[in-house]
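In: no sequence for this one, just the structure:
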C-alpha cells in the first residue's frame, strides 16, 4: 500500500489566498491608521476646534457670495439695457440670450433660451406675470437693417409650431433687421407678433415690457404672484 501525496492547492486557489492575505493586511493597516489619527485628535482636540471654525467661516463666506451674486443679478436684470449697436455685434446665439434676458427683466422668471438644432421654431420661451406663454423666434442679422429681410417663410415656421407644439399664447418673431411687407401682412392674418428693428430698439433700451409695445396681445390668462 502506497500513501497518496496530498494535493497541492491549485494556482487559482493560491491567487485567492494571496488576495485575501493582502486584503487583510491592507484592512489592518487602515484600521491601525484610523485608530492612530483618532487618538492623535483626542490628544490634540484644539485642532478639531480650528477645523470646525474654518469650515463655518468657509460656509458663511460661500453663502455671502451667493447672496451678493443674487442681488447683483437682480439689479442687473432691473436695469438691463441694450443699444442696437450692441445687439448687431452679437453672435446669433448671444442674441437669443439677450432676448431671454430682456424677458426676464420684464418679470418672466422662467424665461429660457431653447434655440438650437431641432428647436421647432422656438428660440426663447417665457411666461409673463399675467400667465401668458410666450414663444419667440429670433432672427439676427449681422448687417442689421442692411441685411436680408425676414420673410413669410420664417413666420410660417413659427405659425406652424408656436401654438400647436409649444402651447404659445403669444407667438413672436424678433429681429434686429427688416421684415418684408408680405411677412407683416401674414403675421396680422395669423395673429403673430413682429418685433422689428425699431420696436426692438425701444424695448431693449427702455424699461417697458414687450407686451406694452405690441398691439392685440391676448388678455391675461390667469393671475400670478407677479400680477
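Out: That came in fine, so what should we check first? This is a predicted model, so every value here is computed, not measured.

In: per-residue confidence at the nearest residue to residue 157 once chain neighbours are set aside?
Out: Excluding its sequence neighbours, the residue lying closest to residue 157 (Cβ to Cβ, 6 or more residues apart in numbering) is residue 121, at 4.5 Å. (C-beta placed from N, C-alpha, C; glycine too.) Here, the pLDDT recorded for residue 121 equals 78.

In: sec struct for residue 121, please.
Out: Following DSSP: H, G, I helix; E, B strand; the rest coil, we place residue 121 in the coil state.

In: who are the neighbours in contact with it?
Out: 135, 137, 157, 158, 160, 161, 162, 165, 166 (Cβ atoms under 8 Å, 6 or more residues apart in numbering).

In: State the distance from residue 38 to residue 67.
Out: Distance from residue 38 to residue 67, counting by Cβ to Cβ, to the nearest Å: 37 Å.

In: what about residue 85, is that helix, strand or coil?
Out: helix.

In: Quick one: mean pLDDT over stretch 16-25.
Out: 86.

In: Give me the contacts around stretch 193-201.
Out: By Cβ under 8 Å, 6+ apart, stretch 193-201 touches 84, 87, 144-145, 150, 155, 170-179, 183-184, 187, 203, 210, 213-214, 217.

In: If we use 6 Å, what do you get?
Out: Stretch 193-201 has contacts (Cβ atoms under 6 Å, 6 or more residues apart in numbering) with 84, 145, 172, 173, 174, 176, 179, 187, 213, 214.

In: From these, which land in helices?
Out: 84, 187 (DSSP state H).

In: Pick the one among the contacts of stretch 193-201 closest to residue 32.
Out: Distance to residue 32, by Cβ to Cβ, is smallest for residue 174 among the contacts of stretch 193-201, at 68.0 Å.

In: What about the closest one, how many residues nearby?
Out: A count of nearby residues for residue 174, using other Cβ atoms under 10 Å, gives 28.

In: Also residue 210?
Out: Neighbour tally, residue 210, other Cβ under 10 Å: 27.

In: Give me the phi and psi angles of it.
Out: Main-chain torsions, residue 210, degrees, to the nearest 10: phi -60, psi -40.

In: Please apply the same query to the one 4 residues further on.
Out: Backbone dihedrals for residue 214, given as degrees, to the nearest 10, come out at phi -100, psi 150.

In: For burial, what's the neighbour tally of the closest residue to it other than its chain neighbours?
Out: The shortest distance from residue 214 to any non-neighbouring residue, by Cβ to Cβ, 6+ apart, is to residue 193 (5.0 Å). Using other Cβ under 10 Å, residue 193 has 22 other residues around it.

In: cool, residue 133 as well?
Out: Residue 133 has 20 nearby residues by other Cβ under 10 Å.

In: Now it: closest residue in space, sequence neighbours ignored.
Out: That would be residue 169: by Cβ to Cβ, 6+ apart, it lies 4.7 Å from residue 133.
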